[in-house]
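Q: Here is my input; please provide its structure:
(chains A, B, C and D)
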Amino acid sequence: MGSVVGRRLAPVILTAIFGIVMILNFFLNIPALASFTAEAQRMFVPIVASAGVVGGVNLLLYHFTSVSRRRGDWPLSALLIGTFFFFLVITITPGLESFYALMYPAIVGRLKEATWALISLFMVSMAYRSFKIRNLETLLFTLGCVVILFGNAPVGEAIWPGAGKALRWFMDIPTMAGMRAITIGVGLGIIAYGVRVMLGYDRTALGEFSEVG
Amino acid sequence: MSLEKLTKLDTRWIYLLFIIVTVAPLISPLGLPLKISDDTRIVFDTIDAVPEGGTVFFGSDMGMGNRGETQAMMVAVLRHLFTSDVKVISVCFYSSDSPILLEEAVNEIGLANYDKEYGVDFVNFGFYEGREATLVAFGVDAHAFLNVDYYGTPISELSIMDDFKGAEDIDLVISLSGGEIFPEVYLRQWQTIHGTKVTGGAVAMIYPMLVSYVASGQLSGLLASSRGAAEYELLINKPGSAIIAMDSQSLGHMVTILAIIISNLGYFASKRSKKGGLDI
Amino acid sequence: MTPIDYVLPLISGALILMIFSFLYRHNRWFALASVIYIGGATGQFVGICLKNIYTQGIIPLMNGQYWYIISLVLGALLFTRFSTRYSYLVRIPTAILLGTGIGLNMATGMKAQILAQIIDTMRPITSINNIIIIVGVCTVTLFFFFSKEATGIMKPINKTGRYFLMLSIGCSFAYALLGRTSLLIERWKTLLLYPTYYLIPIAVAIIVYDIFKRKEAVA
Amino acid sequence: MSILISGKITAFVLFTLIVITIAYLSFQGTRGRKYNLKRKLEAIEAIPEAIGRAVELNRPIHYTPGSESTTGGRGTQTWMGIVIGGYVTKICAKLGAKITWSVRAEHLPMAREIYREAFLLEGQIGVEPDVRYYGAFAVGCIETMATDKSAVNILFGGFGSELPQIAEAAARLGCFQIGGSSNPPMVPLVVASCDYSLIGEENFAAGAILSENHVQLGGLVALDIIKVCFTSLIVLGSLLISANITALIDILKI
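A: Presented below is the predicted three-dimensional model:
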């Protein structure tokens, strides 16, 4: 019994309650709701933060098993555990702030920046692989891309003075129209999904699949 | 070599070419000219128009990964803010990296160079987890939400916070955002509720999404990536790192266009040889 | 300059080059750098989370805001994931987060993502640009149509929508590339500083050696 | 003080109408009304085939629902990704494929539940969910795909800028890719990098389509009706404002 309530009913009801409260608070001016949501949202910080800790423990467990079973690249796993605790300690220990401010940007920060810098190279190879003019659609796709690249570079403006203007027009008129329509569609999709979840029709996100039919 | 092979080039050659053309201008700059766009000028004018003694909320909503694009922008905008008589309050809702980046930018500028004092004219509250939900909580009552600043100073000792309650006291929100469409969050949660004016800058990835908000007037101008930063540096007369990078970027784009042309040449050649004639 | 001013840039430079080596092929150096990255980033993230639990959960509780015990308990329920028997309890805190997220997204999306955009699209049909915008928004919206096949009047609408979609996707692709290039340039700047640039020939040498070794292995 | 907020009244009325339309058509579904969707989503139909190919090669599948925060502006997109992931996992369980999920920390507990449930539905009890979290999302995914030698990479959900890293790295590692994103800036990258892709709201439709449940499909049909209404509204508003009548816009702004 307890488990049926816990498993099926309670999650749907809680989702619906919190969802409806959020919606009403947005559209209507009810002071009690406003203070409730403000307080509730402050109370989420520890919940979300706990999830972060769970995630960290999950990662550690995986790599501890790797090390203890000497599975695959276990020395790398050991290194991972080592860096984990190193950065955990320097983050939370009071008095190490300046050391943290020195180490974090130099190691993790640099790595993050390096992986993000790969994106531009990756995108060039994506363009090389997929921008082949097969029909009118791919022609437009490629044309848009080339115009924007040309227009944004100062070189482009030097070769063709109208490039900057062309870029503004492509961005402000057709691109804006297309992206706006996607935005409207996604907004509607979210509402439809929200209604499905709150009415209990779609419980997949709560760990339960709907029957076919 | 037949043209058909051009479709199956090893992408590593393209990578190599791209790397060479982006590195070369850093070693010997070309100094290509730069035009200032309207959007950048609007941002400049909006920040200029903040009344004396007004409060600006500075949203440093980027992560370490965005540093290349947003750091120059942040430095340029902060320089401009510090030359005028406004209070700058910053809370980061995006990533735990943001306060570090903000600190770095402020150190680079030097508060003392502009006769500003920490806690009186500027404060950095660090990062708060929870994104949109926490942003709402801050907007309603900042004092109930914040306890200490990034360096552990209690809020009661920061005189900048004395007259500040929440989003209603903010004259302008500047959101420099990377990765996620953060200005949109301020629009949703603060502008629709408190009527706050919002401006900012965005990394190029999300810029197209925000263009429609600029067009509809919800956003007062927008800095576009490092190009916007370079233009802003020109506007405040402090040429910096963004302008230097523009040359490399220009050449990089040309390589991308070249890659697209090569791949299409190869594609059409292979099509021709297969069908024995041009057939689009 | 103190020794740390030499050592730290060298370490960061080496890590950047290890990540970049993925462009050549997936290799042990990349694996090494990514392990350091994953470990470090998770460690720091967990540290920040612990701090947040303390400042946003435990401090208010100690200050007499006893209802914060609820959020601590809900947070603790997430740890039932480590038990097979009680793991269903994670559904409760998750349901609350899901409901809040969806509620917020639905309501704010209605105003900012739907209504504001619709109002701005209602423009006088006096200029060609306005007509393009109106036609673009309408046809792309109708392009995502699920219940009917694109026949009759829907056929040209569907086609026009598709063309608009493709053009705007191409433009945004290019725009995304613009910013990313600056990130790469920023990395070159760090790599070209003293003493980091000494690492570049070493990295090139390792890659060239690997290319020859692999060629030999094939031959 | 009024309970209504000026500037949001029309929005609230329209919102209520949309919700009622969706709820009504969904409710019709519970009473046995059948909905037939004419438009097929290629990306969804390609999933079983791709998984089948991975089984033949005896290599695993990598799935990620994105890394956007639950409480953020794109939180619902990630949830949608998790829902689609549930169905993908179910197909994997049916075809006997191995699947690894990479998720954000706060989705990890629930993702494990869904993973286990999906295998349970196919009669496989006690499967240990292979759901992973890494502080460095993109690199974590790349390393997982590289060390596991994944044959297929499937990505649906809420993505930020890590999408091009994951997708292009997967392409370099030789993975077959199916993806989708409703985050507009990511749409071009999904289209350019994946073999099959879902754009924008197709992602939200995908969950309903995969469920093969007429109650959920009803919601999609309702959306079609609403879209027709909205586009008519835009056209009407433009015509009125061309004739200098601002009444409609004024009403919408109330």
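
Q: Does B:Gln191 touch B:Gln218 like I think?
A: Yes - counting by Cβ atoms under 8 Å, B:Gln191 does reach B:Gln218; the two are 6.4 Å apart. C-beta here means a position set from N, CA and C on the backbone, and glycine is covered the same way.

Q: Show me which residues of the helix ranked longest in chain A are buried.
A: For chain A, the helix that runs over the most residues, judged by DSSP state H, is helix A:31-68. By neighbour count on 16 or more other Cβ atoms under 10 Å in any protein chain shown, the buried set for helix A:31-68 is A:34, A:37-38, A:40-60, A:62-63, A:66-67.

Q: Tell me how far A:Arg203 lies from A:Ile190.
A: Distance from A:Arg203 to A:Ile190, counting by Cβ to Cβ, to the nearest Å: 17 Å.

Q: what residue ranges in chain A are flagged as low confidence?
A: In the predicted model, chain A carries pLDDT under 70 at residues A:1-6, A:211-213.

Q: Same question for chain C.
A: Within chain C, the stretches with pLDDT under 70 are C:1.

Q: higher neighbour count, A:Arg203 and A:Ile190?
A: Ranked by neighbour count (other Cβ atoms under 10 Å in any protein chain shown), A:Arg203 and A:Ile190 place A:Ile190 first, with 28 against 19.

Q: Who are the contact partners of the more buried one?
A: Going by Cβ atoms under 8 Å, 6 or more residues apart in numbering or on different chains, A:Ile190 touches C:Ile102, C:Asn105, C:Met106, C:Gly109, D:Thr76, D:Gln77, D:Phe204.

Q: Output the residues you listed as CSV; include the columns distance to D:Val187, secondary structure and neighbour count.
A: Output for these, formatted as CSV (distance: Cβ to Cβ, whole Å; DSSP: H, G, I helix; E, B strand; the rest coil; neighbours: other Cβ atoms under 10 Å in any protein chain shown):
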residue, distance to D:Val187, secondary structure, neighbour count
C:Ile102, 22, helix, 30
C:Asn105, 18, helix, 30
C:Met106, 21, helix, 27
C:Gly109, 17, helix, 25
D:Thr76, 16, helix, 31
D:Gln77, 12, helix, 28
D:Phe204, 14, helix, 30
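
Q: Could you find which two of the residues you listed are furthest from each other?
A: For these, the farthest-apart pair by Cβ to Cβ is C:Met106 and D:Gln77; their separation is 12.8 Å.

Q: Where does B:Gly200 fall, secondary structure wise?
A: Assigned by DSSP states H and E, B:Gly200 belongs to strand B:198-202.

Q: any idea how far whichever helix or strand comes after that strand is from the chain center?
A: Sequence order places helix B:207-215 as the next helix or strand after strand B:198-202, per DSSP H and E. Distance of helix B:207-215 from the chain centroid (Cα atoms, centre = their mean, to the nearest Å) equals 14 Å.

Q: just stretch D:20-39 next, same as before
A: Between the centre of stretch D:20-39 and the centre of its chain there are 20 Å (Cα atoms, centre = their mean).

Q: By residue count, tell me the biggest helix in chain D.
A: Max-length helix for chain D by DSSP H is helix D:214-242.

Q: tell me which parts of chain D are close to chain B?
A: Within reach of chain B by Cβ under 8 Å from any Cβ of the partner chain, chain D has these residues: D:7-8, D:68-69, D:71-74, D:160-161, D:172, D:184-185.

Q: Could you dump the residues you listed into CSV and include secondary structure?
A: Formatted as CSV, those follow (DSSP: H, G, I helix; E, B strand; the rest coil):
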residue, secondary structure
D:Gly7, coil
D:Lys8, coil
D:Glu68, coil
D:Ser69, coil
D:Thr71, coil
D:Gly72, coil
D:Gly73, coil
D:Arg74, coil
D:Gly160, coil
D:Ser161, coil
D:Arg172, helix
D:Pro184, helix
D:Pro185, helix
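
Q: among those, who's most crowded?
A: When neighbours are taken as other Cβ under 10 Å, the top entry among the residues of chain D next to chain B is D:Arg74 (30 neighbours).

Q: can I assume it is in contact with D:Asn183?
A: Yes - in this structure D:Arg74 lies within contact range of D:Asn183 using Cβ under 8 Å: 5.7 Å.

Q: how about the contacts of A:Ile190 in a markdown table, adding distance to A:Leu118?
A: Output for the contacts of A:Ile190, formatted as a markdown table (distance: Cβ to Cβ, whole Å):
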| residue | distance to A:Leu118 |
| --- | --- |
| C:Ile102 | 34 |
| C:Asn105 | 31 |
| C:Met106 | 36 |
| C:Gly109 | 32 |
| D:Thr76 | 29 |
| D:Gln77 | 24 |
| D:Phe204 | 30 |
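
Q: Pick out whichever of the residues you listed sits closest to chain A.
A: Proximity to chain A was ranked across the contacts of A:Ile190 by Cβ to the nearest Cβ; first place goes to D:Phe204, at 3.1 Å.

Q: For that closest one, give its distance to chain C.
A: Distance of D:Phe204 to chain C, given as Cβ to the nearest Cβ, to the nearest Å: 10 Å.

Q: of the buried residues of helix A:31-68, list those near chain C.
A: Answer for the buried residues of helix A:31-68 near chain C (Cβ under 8 Å from any Cβ): A:40-59.

Q: of those residues, list those near chain B.
A: Okay, of those touching chain B (Cβ under 8 Å from any Cβ), that's A:Gln41, A:Arg42, A:Phe44, A:Val45, A:Val48, A:Ala49, A:Gly52.

Q: And for the second one, nearest residue in space, chain neighbours not counted?
A: By the measure of Cβ to Cβ, 6 or more residues apart in numbering or on different chains, the closest residue to A:Arg42 outside its immediate chain neighbours is B:Ala137, 4.9 Å from it.

Q: Tabulate the CA atom coordinates of the strand or helix carrying the one you found in PDB.
A: Assessed by DSSP H and E, B:Ala137 sits inside helix B:131-140. Taking C-alpha atoms only, helix B:131-140 is exported to PDB below (Å, rounded to 0.1, in the frame of the first residue of the first chain):
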ATOM      1  CA  ARG B 131      19.100  28.900 -11.800                       C
ATOM      2  CA  GLU B 132      15.800  30.400 -12.600                       C
ATOM      3  CA  ALA B 133      14.200  29.500  -9.300                       C
ATOM      4  CA  THR B 134      16.900  31.200  -7.300                       C
ATOM      5  CA  LEU B 135      16.800  34.200  -9.600                       C
ATOM      6  CA  VAL B 136      13.100  34.700  -8.800                       C
ATOM      7  CA  ALA B 137      13.800  34.400  -5.100                       C
ATOM      8  CA  PHE B 138      16.500  37.100  -5.400                       C
ATOM      9  CA  GLY B 139      14.200  39.400  -7.300                       C
ATOM     10  CA  VAL B 140      11.500  39.200  -4.600                       C
END
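
Q: Now do that helix: everything it contacts.
A: A:34, A:37-38, A:41-42, A:44-45, B:91, B:93-94, B:128, B:144-146, B:166-167, B:185-186, B:188-190, B:193-194, C:100, C:104, D:69, D:71-73.

Q: The residue of the stretch 51-200 of chain D found nearest chain A - how many residues pack around it?
A: Of all residues in the stretch 51-200 of chain D, D:Ala105 sits closest to chain A, at 2.9 Å by Cβ to the nearest Cβ. Counted by other Cβ under 10 Å, the residues lying close to D:Ala105 total 29.

Q: Verify the stated contact: it with A:Val57.
A: No - the criterion here is Cβ under 8 Å, and D:Ala105 misses it with A:Val57 at 9.9 Å.

Q: Make JSON lines from the contacts of A:Ile190 and add distance to chain A to it.
A: Shown next, in JSON lines, are these (distance: Cβ to the nearest Cβ, whole Å):
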{"residue": "C:Ile102", "distance to chain A": "4"}
{"residue": "C:Asn105", "distance to chain A": "5"}
{"residue": "C:Met106", "distance to chain A": "4"}
{"residue": "C:Gly109", "distance to chain A": "4"}
{"residue": "D:Thr76", "distance to chain A": "5"}
{"residue": "D:Gln77", "distance to chain A": "8"}
{"residue": "D:Phe204", "distance to chain A": "3"}
